[in-house]
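Colleague: can't give you the sequence, but here's the structure:
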């Protein structure tokens, strides 16, 4: 999940009072381009040159879209958020009662949204003096996972020594759990609770970090060209599924699979799908390898099949506004939208999977419903009820 904005020079802005968040966003810095000065940015994720490059890269020989029997019904927005207050939902994890825990990236907050749309703030990450976060320049909170006891973990990115994985206890106490390099950008976060580890996808350093839940030890688990950005950000969303870590690459428009060896080491990175321009995070609706992916650039939700083909299931007409992540619980699909580009209506949308769709979608993958004891089915005890949606 990720964001940035493009300010068009020479075009006057409406004379209206700006919130501190909007004023901050107008001063965000992108790297120097072709020797020019730093480019000012304002909340635009995919209208930037980086997004254009991502679209062009993703379009290089993509598989043809497939006709899908998978469908989502009754899409509806259950909660609207305050864009001016920085309530831009970046990642989602589900509570046992179906409530959604969301990271508000720009507000540095974690919020809980009930099934009825009521929102309350669980925690605010500590302010940092002179943040210098790569790409964005301001402190942000990105991915999120929840363990069985209600503990929440999130990456907090500052560009300082305060960057790392933070823990939020069920009583709301916030503490730093693990250090990450100041120049890192841990975006998506995935949980393998059975083996006691977290995985974080680093959008800048082209790395998957592995973090021990026992002592917070951080190791560089996987690296490679497939994780690298081409112009903006690379590795983005991440999930643990079927003996493997799956990662999306925003710039390249790809979905990747990294097998987990018997000793816990990373295997060779394989590209499982291409042509997914602006892909953010994703989730698996069942035990097979069919995924639902948030396409941030086009405000779409797509079904990505194991053969690499994809079909768009939801669009902006259904209420999506730059979706960032996906969670699934029973036959319900949760999709947060951050509105980083549209700057209109950040929200949480719910939809229903058709009665036979989940079963149908798993005929094409590793279609068994067992294997709950392996590496890949434990990002929150993957019960095919949406703990898969923990992320990042």
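Modeller: Nice, thanks for sending it over. Since the model is a prediction, treat every value here as computed from it, not as a measurement. Numbering: from 1, shown residues only.
Colleague: Reduced to three states, what does residue 102 come out as?
Modeller: For residue 102, the secondary structure call by DSSP: H, G, I helix; E, B strand; the rest coil comes out as strand.
Colleague: Tell me the bridge partners for the nearest residue to it once chain neighbours are set aside.
Modeller: Distances taken as Cβ to Cβ, 6 or more residues apart in numbering place residue 89 nearest to residue 102, at 4.3 Å, with adjacent residues excluded. The way it works is simple: take the backbone N, C-alpha and C, and place the C-beta from them, glycine included. Residues in a beta bridge with residue 89, per DSSP bridges, are residue 104.
Colleague: mind starting the numbering at 51 from now?
Modeller: Taking 51 as the first residue, the last one we looked at is residue 139.
Colleague: Quick check: residue 139 touching residue 388?
Modeller: Yes - contact status for residue 139 versus residue 388: in contact at 5.6 Å, counting by Cβ atoms under 8 Å.
Colleague: the more surrounded of the two?
Modeller: residue 388 (34 against 27; other Cβ atoms under 10 Å).
Colleague: quick one: contacts for the more buried one?
Modeller: Contacts for residue 388 were tallied using Cβ atoms under 8 Å, 6 or more residues apart in numbering; they are 51, 53, 138-140, 155, 346, 371-374, 396.
Colleague: Tell me the one of these nearest residue 121?
Modeller: Here the nearest of these to residue 121, counting by Cβ to Cβ, is residue 373; it sits at 17.5 Å.
Colleague: Tell me how many other residues surround the closest residue to that closest one other than its chain neighbours.
Modeller: Distances taken as Cβ to Cβ, 6+ apart place residue 344 nearest to residue 373, at 3.9 Å, with adjacent residues excluded. Neighbourhood size, residue 344 [other Cβ under 10 Å]: 32.
Colleague: partners of the helix or strand residue 344 falls within, with directions?
Modeller: Element membership for residue 344 (DSSP states H and E) is strand 341-345. Looking at strand 341-345 with DSSP bridges, its partner strands are strand 329-333 (antiparallel), strand 350-354 (antiparallel).
Colleague: average pLDDT for it?
Modeller: Strand 341-345 carries an average pLDDT of 98.
Colleague: and stretch 249-258, how far from the chain's centre?
Modeller: 12 Å (Cα atoms, centre = their mean, to the nearest Å).
Colleague: er, stretch 317-325 I mean
Modeller: On Cα atoms, centre = their mean, the centre of stretch 317-325 falls 18 Å from that of its chain.
Colleague: Flag every buried residue along that stretch.
Modeller: 319, 322-325 (16 or more other Cβ atoms under 10 Å).
Colleague: and if you look at stretch 344-359?
Modeller: Going by 16+ other Cβ under 10 Å, stretch 344-359 has these buried residues: 344-356, 358-359.
Colleague: hmm, back to that, what's the separation between the residue nearest to residue 373 and residue 201?
Modeller: Going from residue 344 to residue 201 by Cβ to Cβ, to the nearest Å gives 25 Å.
Colleague: Who does the nearest residue to residue 150 once chain neighbours are set aside form a beta bridge with?
Modeller: Closest residue in space to residue 150, ignoring its immediate chain neighbours: residue 163 at 4.7 Å, by Cβ to Cβ, 6+ apart. Note on residue 163: beta-bridge partners by DSSP bridges are residue 150, residue 169.
Colleague: check contacts around residue 163.
Modeller: 128-129, 149-152, 169, 398.
Colleague: Of those, just say which sits nearest to residue 209.
Modeller: Once Cβ to Cβ is applied, the member of the contacts of residue 163 that ends up nearest residue 209 is residue 152, at 23.2 Å.
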